[in-house]
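Enquirer: Starting from these lines, generate the structure:
(2 chains)
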Amino acid sequence: MSKLYKLLFWMTILAMVVANIYLFGRSIKVSDEIMSLEKKTRDLHINNVGLAKEVSFFSSLVYAEKAASDLQFVKKSTPTFLNKLGVAYKDQR
Amino acid sequence: MKLKFLFSVFLLFYVAIIIRLIYIQVISRDFVGSDLYLKTKRLTSERGKIFDSSLNPLVLNQNSYLLYLEPKKITDKLKLIKFLSEKLKMEEASLSSYIDEKKVYQAVAGGLDEAKKKEIEALELEGVNFEYQMKRYYPEASLSAHLLGFVGKNEKGEDLGYFGLEGYYDKDLVGLPGFLESERDASGKPIFIGAQKKVDPENGRDLILTIDKSIQEIAKRKLKEGIENYKARQGCVIIANPYTMAILALTCLPDYDIDKYFDFSESYFKNSAISDVVEPGSIFKPLIMAAAINEKKITPNSEMNEVGAIQVGEYSIKTWNDKYEGRISMTRILEKSSNVGMVWVGEKLGQEKLYSYMQKYGFGELTGIDLQGESPTYLKPKNNWYKIDFATATFGQGIGITPIQMIRAFAAIINGGNLMKPYLVEKIKSIDKVDVIKPKVERKVISGLTSEIIKKMLVSTVENAEAKWDRPKGYKIGGKTGTAQIPIAGIYDPSKTIASFIGFAPASKPKFVALVMLKEPGTSPWGSETAAPLFFEIAKELIVYYNIAPEQ
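Expert: Next comes the predicted model:
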C-alpha cells in the first residue's frame, strides 16, 4: 500500500513538473504571440496611415496641378457664355 | 554520499532563492514596489481628420518619429555627431550639447518622416532610437491655411490646436488617450499570468466641412491673381450659400505655409475675414435701402432730388464724383452709389429705425462662426451717435464691421430676410455617431417681399452701374461695389482704400453670395475697377462649376 502511495506521490510530482514546464513554455509562446501581434498591429497602423497619405495625395488638387503641368496641359478652360440664345432658357415659357 | 551532496546543493540553492525572495518582497518591498513588472504605457489617440463637403481630406495624420538619444549607450560619440548632424542638418556643436552622459534619455529632433528614419537607422549608430508620433498632413498644402489653423504644443508639450478650426474644435479633434497596464518580464514580454489591463484610446472626432475644395481653390487662385493684378496689399474672398450661410470658401492673402507655420510671425495667422474690423463703404448701402423699403418709408421708384452736396452739421457730404442728376429713383441711388441719396434714405428711415436695423443685421455682436479668432465689433450706444454718424452710416462709413458680418447681413437681404449664423462644420463624426449641424436662423430682419425687391434693385445696380464689367452673359447677377477710405489716426487717407464688391448669382434663386475685399489696391482705389472685376472672374468660374443654366 505504501508503495502505491509513494508511486502516486512521485507520479503527481512528475505530472506537476511536466505541467509546470509545459505552462512555462506555453506562457513564453503566448507572450511571443502577444508581442508579435502588438508589432503587427503597430505596423498595420503605420502602413494604413502611410497609405491614407498616399491616396489623399494622388486625389489632391496639388497632385492634379503637378500632373497637368508635367503633361503640359497648360491651356486654361475658356467657357463660352451664350448671349441672347433665344432657345433653351431656364424657366422659358 | 553523492546523493546527499547533490541534495545539499539543491537545498542551499533553494534557501538562497527563498532568502532573495524575502529580501525583494518583504524587506525592500517599498523600494521595489508592486510595479516591478507592471509597465504602464500611454496609448495616444489619433487626432480627428478634417474633410471638405465632398469628403475630400483637407487634414489627415501622418507617421512621424522623434529621434532620441540614450547617452549611456553611445559608443562612438564623434561618429554619432558627425553622421547625425549631416542627416538632421544640425550644427555639430548644438548636437554635441544634447549629449549628456548622465542622462538616460535625450530628445533631439521630432517630426522625422519614414524615409529619414530609415536613412538614420541604416547608419547603425549605438544609442540612437526613435519614438513613434503622429503629425498633421495637408494633402492640399496651404489651400485653406487660415481656415484650418495648425497644431502646435502647449506648455506641457501636448498637441494643441491654434487658430481656425484646429483651435475652435480642439476638444473634439484631440480625442482621449488610453493606457495599457501590463506585467512584463525583463525583456519586455508580457507575463502570461500577470495583470493585463487595457483602456483603448478614443480617437478624435472627424470634421466634415461645408467648404468645397474646388470653390476654395477657385477663390484662392483668383484672389492671388487679383492681388497681383491690382497691386493690393491684402485681400479676402468669402463665398457662402446665402440661404444657410454655409461657408463654401473663405480665403485671405497673404497667408502662411501651414506645414512651416513656425517660420511665420503671428500676424500671418490672423484671418482677416473674421478678425479685421473695417469700414464697409458702399456695399453697406443695400442694407439701409432694404431697411427703408421694409419699413415702407420708400419704394424702388420713390424719387429724391439730388442737386448737390448736402450739409450735415459742419460736414459736407458729396457723391463720389461730385456729379448730381437731379430727380433720381431709389434704384438709381444704388446704381450710381449716391452718398447724398443714401443720406436722404437714412432720414426717411429715421435714426431710431436705422440704429435698430444695424442691431438686427447683427453689427456689434459676434456672428458665432465656428472659427477661433473672431473679433468682436462695437456698436456704440445710440445716445452717443451724432447726426453725422447716422448720415455716414447710411453709406457705410464711420462704422466698424468684420467681413463675415457684412456677408451675413447681405445674405439676409437676398435670402428672404433671415439672418443666419455662418458655419463651416456641417458634421462631426465619431466612431459611433454623427452629429449634423443644421443651419440656424438668428432672426427675421426683413420680409420676403422686401428681399425680392432689393434683389431686383441689386441686379439693376450691376446692369446699369457706371462701370461696365466683363460679366458672364445670359445670367442675372446682383451686387454692389464699395470703396471705403481707411482712417489713419482719425483722418481718412484718400489714397488708401478698401475696395470691395458683394454680389450673388443667379438672381432668381442665388446659389452663392460672394464678398471680395482688396486692401489698398495700387492700380485704382475704386472697388468698381478692382474688386468688381475680380468678383465677376470668380462668378464666371462658379457658374461653370455649378452648371447653372442661363436665365435671360
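Enquirer: can you list the residues of chain B near chain A?
Expert: Within reach of chain A by Cβ under 8 Å from any Cβ of the partner chain, chain B has these residues: B:56-57, B:60-63, B:114, B:132, B:134, B:137, B:139-141, B:143, B:185, B:188-193, B:213-214, B:217, B:472-475, B:508, B:540, B:544, B:549-552. All C-beta atoms are positioned from the backbone trio N, CA, C, and that covers glycine.
Enquirer: Which ones among those residues map onto strands?
Expert: Judged by DSSP state E, the subset of these located in strands is B:57, B:60-63, B:132, B:134, B:137.
Enquirer: Let me have those residues in a markdown table, extended by neighbour count and pLDDT.
Expert: Shown next, in a markdown table, are these (neighbours: other Cβ atoms under 10 Å in any protein chain shown; pLDDT from 0 to 100):
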| residue | neighbour count | pLDDT |
| --- | --- | --- |
| B:57 | 22 | 95 |
| B:60 | 21 | 96 |
| B:61 | 20 | 95 |
| B:62 | 18 | 94 |
| B:63 | 20 | 93 |
| B:132 | 13 | 90 |
| B:134 | 20 | 90 |
| B:137 | 19 | 94 |
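Enquirer: contacting residues around residue B:544?
Expert: A:77, A:79 (Cβ atoms under 8 Å, 6 or more residues apart in numbering or on different chains).
Enquirer: And the pLDDT at it?
Expert: The confidence metric pLDDT takes the value 91 at residue B:544.
Enquirer: Residue B:416 - how many residues pack around it?
Expert: 18 (other Cβ atoms under 10 Å in any protein chain shown).
Enquirer: Tell me which residues touch it, please.
Expert: With Cβ under 8 Å, 6+ apart, residue B:416 has these contacts: B:243, B:448, B:451.
Enquirer: And the first one, its phi and psi?
Expert: Right, the one you point to is residue B:243. With angles defined as degrees, to the nearest 10, residue B:243 sits at phi -80, psi -30.
Enquirer: element containing the residue nearest the centre of chain B, please.
Expert: Centroid check for chain B by Cα atoms, centre = their mean gives residue B:147 as the closest residue, at 2.2 Å. Using DSSP states H and E, residue B:147 sits within helix B:145-148.
Enquirer: Correct me if wrong: the residue nearest to the centre of chain B contacts residue B:167.
Expert: No - Residue B:147 is beyond contact range of residue B:167, at 11.0 Å (criterion: Cβ atoms under 8 Å).
Enquirer: what's the overlap in contacts for those two?
Expert: Joint contacts of residue B:147 and residue B:167 (Cβ under 8 Å, 6+ apart) are residue B:371.
Enquirer: Could you give the number of residues near residue 8?
Expert: Since you didn't name a chain, this refers to chain A. Applying other Cβ under 10 Å, I find that residue A:8 has 10 neighbouring residues.
Enquirer: The chain in question should be chain B.
Expert: Counted with other Cβ under 10 Å, the neighbours of residue B:8 add up to 10.
Enquirer: Between all of the ones in strands among the residues of chain B next to chain A, which two are separated the most?
Expert: Spatial extent of these (Cβ to Cβ) is set by the pair B:57 and B:132 at 21.3 Å.
Enquirer: Beyond the biggest helix by length in chain A, next helix or strand please.
Expert: The helix that spans the most residues within chain A, counting by DSSP state H, is helix A:2-58. Scanning forward in sequence from helix A:2-58 by DSSP H and E, the next helix or strand is helix A:61-70.
Enquirer: Let me know the pLDDT of residue 68.
Expert: In the absence of a named chain, chain A is used. On pLDDT, residue A:68 comes in at 89.
Enquirer: actually it's chain B I care about, not the one you picked
Expert: 90.
Enquirer: looking at it, it is touching residue B:108, isn't it?
Expert: Yes - under the contact definition of Cβ under 8 Å, residue B:68 touches residue B:108, with a separation of 6.1 Å.
Enquirer: what touches both of those two?
Expert: Joint contacts of residue B:68 and residue B:108 (Cβ under 8 Å, 6+ apart) do not exist.
Enquirer: so what's residue B:350 up against?
Expert: Counted by Cβ under 8 Å, 6+ apart, residue B:350 has contacts residue B:297.
Enquirer: Quick check: the gap between it and residue B:454.
Expert: 19 Å (Cβ to Cβ, to the nearest Å).
Enquirer: residue of chain A with the smallest distance to chain B?
Expert: Nearest to chain B, among the residues of chain A, is residue A:27, at 3.2 Å (Cβ to the nearest Cβ).
Enquirer: Poorly predicted segments of the chain, please.
Expert: Went with chain A since none was named. A:1, A:81-93 (pLDDT under 70).
Enquirer: that's the wrong chain, I wanted chain B
Expert: B:29-36, B:192-193, B:552.
Enquirer: quick one on the thing from earlier: what is the nearest of the ones in strands among the residues of chain B next to chain A to residue B:371?
Expert: residue B:57 (19.3 Å).
Enquirer: Spatially nearest residue to that closest one (excluding sequence neighbours)?
Expert: Of all residues not flanking residue B:57 in the chain, residue A:56 sits nearest, at 4.6 Å (Cβ to Cβ, 6 or more residues apart in numbering or on different chains).
Enquirer: Would you agree the one you found is in contact with residue B:213?
Expert: No - between residue A:56 and residue B:213 there is no contact under Cβ under 8 Å: 11.4 Å.
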